[in-house]
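1. okay, structure incoming, though there's no sequence with it:
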């Protein structure tokens, strides 16, 4: 309808409407108009003045060198005292505490552990004001005649489990100098020079990627370096330390620096040392390069320092089980930690997603390519674990089976695309989740690894075995041998590099696995690799090791829960499983099974018995404030995941993927 036709219709309608309607319409219109005038004239809130501007980082040299002194001797109170001397010029200045730390992919700067800030110039205190929006920023005015600031503060490391993860114990400490630093706004981190030193408890030894260590009596100084390198160079120290050469005579020194709760935990079997040395050689054969002038694995063996790893360019933080070296079978679950973090020297540190590289540590990161940064690193970490012999072939197959089974039973895939999980570090910085299988969390790691297995087997299939993802690794991560200046990449760069190895519609391949929700389980790589995922009543060795370490028993693929061995405390429940449908949740306690007090073996016997009968399994469950009787109508028997050779596929390329390179 044209505008002229609309006007004609409107006039016709108005003529047919009673006059009193028009009076009412007019009255209502006048009322609305008067109300609007009144509102416009009445006083109301206006936006507050903006906070002081924080200078954006520029790629220009910072004038002078910051002196950073760290006193880490107070291990009883776990207080680290910091003093900085910062060259300045008179005028307004903003000092920043790091918020977005490399490798964390999130704003996890420990501002809650920062205390006691005192700033002086020429011996006189200077007032500072915290930014009301960016609480990691501190504004101050440098007085005339001042050429440097003396800055002092304390880093209050957690004193117990209620206050956070342990970093300092009576036997060891895990320190990241970037968490012990304030730095001036307005500069790229690589343009700020820092001369660090540290004072350690008497008799303690240390390891770090920082260069030029010198000093006596527990006081150690290091060469002047950039803030960027400082942020990438943690310092580990402890009473009981072992330093092992992993590549004697190699192109660059590589050492395994181990810090233990007790001296006996430092014993390493010859075959374990040989496997960790083989890791270095297998990585070189995979990538054809190295991106460090020396590399240090910084490893804690502890029942106090929590498990976890963090990548750096010339080192890695590898916090693992106390029995990592002395009981290989019990610590199987964590055996791919060192290979994973080591792979990051190539993928994540040297080649880095453009969205994850930032000019300093208060510029937000964007995590969209973590399925490459972490997902492909997870893939290569598992492959290198097998190729080096850190886990044997069957153990690695069990590990792959366990991960495949997790995503074969991941109801959260029905609503949430994998790519969306790359925001998880920002959404939830690793706090406990009540319904992990429904919410999903950081699935770009393990589901990402399955995607890269899919890509690897597809390249092998398309090229009839002539090429593989190894060729991508060498071409993409192996450039600029010896350099550790980051080279960034985008989605299109990844696609282009894959096409250079094997022409294919890789953009569509990746998007089909990253973007849709509710797609099929990503098991094509297993199928092409000559295997299929099956479930039976035989224990999976990796699941068994995982249960041993966390003192729990997994019934995820049968009843649908994991519970502690001693008291039956439910740690997790699989969404839509028999346990879920019966109303069991994490935090419940299973008191009895078929009238018998809780014991994991009693549950296993009940599951076996139910497979041959129609009787439900009866549980007595304690919730927060009451007990209830639950009947689980389950008859599927014990179920553990395994990989089984697929007779329909002639070549088992998965075997070739896991085989050591000569």
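-> Yep, it's here. The model shown is predicted, which means the values in this text are computed figures rather than measured ones.

2. could you look up the SS state of the nearest residue to residue 266 once chain neighbours are set aside?
-> The shortest distance from residue 266 to any non-neighbouring residue, by CB to CB, 6 or more residues apart in numbering, is to residue 242 (4.3 Å). Just so you know, the C-beta spots here come from the backbone N, C-alpha and C atoms, and that holds for glycine as well. Applying DSSP: H, G, I helix; E, B strand; the rest coil to residue 242 yields a three-state assignment of strand.

3. would you confirm that residue 242 contacts residue 264?
-> No. Shown here, residue 242 and residue 264 do not form a contact pair, counting by CB atoms under 8 Å, at 11.4 Å.

4. helices of the stretch 201-350 of the chain, residue ranges please.
-> 227-231, 270-287, 337-343 (DSSP state H, counting those that start in this stretch).

5. of all those helices, which one is nearest residue 589?
-> Using CB to CB as the measure, helix 337-343 is the one of the helices of the stretch 201-350 of the chain that comes nearest residue 589, at 31.4 Å.

6. and that closest one, what does it pack against?
-> helix 270-287, strand 295-301, strand 308-311, strand 315-320, helix 375-388 (3 or more CB pairs under 8 Å, 6 or more residues apart in numbering; DSSP states H and E).

7. give me the domain ranges for this structure.
-> Using automatic domain parsing, the domain ranges for the chain come out as 3-41, 57-238, 248-530+651-662, 541-640.

8. and the residue lying closest to residue 292 once chain neighbours are set aside, what pLDDT?
-> Leaving aside its chain neighbours, residue 292 sits nearest to residue 314 (4.2 Å; criterion: CB to CB, 6+ apart). Note for residue 314: predicted pLDDT of 97.

9. for residue 314, what are its contacts?
-> Residues near residue 314 by CB atoms under 8 Å, 6 or more residues apart in numbering: 209, 232, 233, 292, 293, 294, 295, 296, 345, 484.

10. next: residue 515.
-> Residues near residue 515 by CB under 8 Å, 6+ apart: 417, 419.

11. Throw the helices and strands packed on helix 337-343 into a markdown table and include mean neighbour count and distance to residue 408, thanks.
-> Output for the helices and strands packed on helix 337-343, formatted as a markdown table (neighbours: other CB atoms under 10 Å; distance: least, CB to CB, whole Å):
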| stretch | mean neighbour count | distance to residue 408 |
| --- | --- | --- |
| helix 270-287 | 18 | 28 |
| strand 295-301 | 26 | 33 |
| strand 308-311 | 20 | 26 |
| strand 315-320 | 25 | 28 |
| helix 375-388 | 25 | 17 |
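
12. which among the ones you listed is found nearest to residue 45?
-> strand 308-311 (44.3 Å).

13. so what touches that closest one?
-> Contacts for strand 308-311 (CB under 8 Å, 6+ apart): 103-104, 165, 234, 316-319, 337-338, 340-341, 344-345, 348-349.

14. give me that answer again for 6 Å
-> For strand 308-311, contacts defined as CB atoms under 6 Å, 6 or more residues apart in numbering pick out 103, 317, 318, 319, 337, 341, 344, 348.

15. count of neighbours near residue 641?
-> If you count neighbours by other CB atoms under 10 Å, residue 641 ends up with 23.

16. how many residues are close by the spatially closest residue to it that is not a sequence neighbour?
-> Distances taken as CB to CB, 6+ apart place residue 405 nearest to residue 641, at 3.4 Å, with adjacent residues excluded. Neighbours of residue 405 under the rule other CB under 10 Å: 24.

17. list the buried ones in the helix or strand containing residue 405?
-> Element membership for residue 405 (DSSP states H and E) is helix 393-408. Residues of helix 393-408 classed as buried under the neighbour-count rule (16 or more other CB atoms under 10 Å) are 395-408.

18. who does that helix touch, helix- and strand-wise?
-> For helix 393-408, the packing partners by 3 or more CB pairs under 6 Å, 6 or more residues apart in numbering; DSSP states H and E come out as helix 541-550, strand 640-645.

19. worst average pLDDT in those?
-> Among these, helix 541-550 carries the lowest mean pLDDT, at a mean of 93.

20. let me see the backbone angles for residue 135.
-> Taking degrees, to the nearest 10, you get phi -70, psi 0 for the backbone angles of residue 135.

21. which residues does residue 572 contact?
-> Counting by CB under 6 Å, 6+ apart, residue 572 touches 562, 586.

22. pairing partners for it in the sheet, please.
-> Beta-bridge partners for residue 572, by DSSP bridges, are residue 562.

23. state the distance from it to residue 553.
-> Using CB to CB, to the nearest Å, residue 572 is found at 12 Å from residue 553.

24. residue 326: which of the contacts of residue 314 is nearest?
-> The closest of the contacts of residue 314 to residue 326 turns out to be residue 296 (CB to CB; 21.7 Å).

25. what's the distance between that closest one and residue 180?
-> Remark: distance between residue 296 and residue 180 (CB to CB) = 19 Å.

26. could you list every residue that touches the residue lying closest to residue 295 once chain neighbours are set aside?
-> Nearest residue to residue 295 in three dimensions, chain neighbours excluded: residue 254, at 4.6 Å (CB to CB, 6+ apart). Contact analysis of residue 254 by CB under 6 Å, 6+ apart lists 246, 247, 280, 295.

27. re earlier: count of neighbours near the residue nearest to residue 266?
-> Using other CB under 10 Å, residue 242 has 18 neighbouring residues.

28. that one touches residue 258, doesn't it?
-> Yes. Counting by CB atoms under 6 Å, residue 242 touches residue 258, with 4.5 Å between them.

29. okay, and the common contacts of those two?
-> With contacts taken as CB under 6 Å, 6+ apart, the residues that reach both residue 242 and residue 258 are residue 266.

30. and the lowest mean pLDDT element among the helices and strands of this protein?
-> Using mean pLDDT, DSSP states H and E, the weakest-scoring helix or strand in the chain turns out to be helix 3-16, at a mean of 40.

31. before we move on, back to that, how far off centre is the helix holding residue 405?
-> The chain centroid and the centroid of helix 393-408 are separated by 20 Å, computed with CA atoms, centre = their mean, to the nearest Å.
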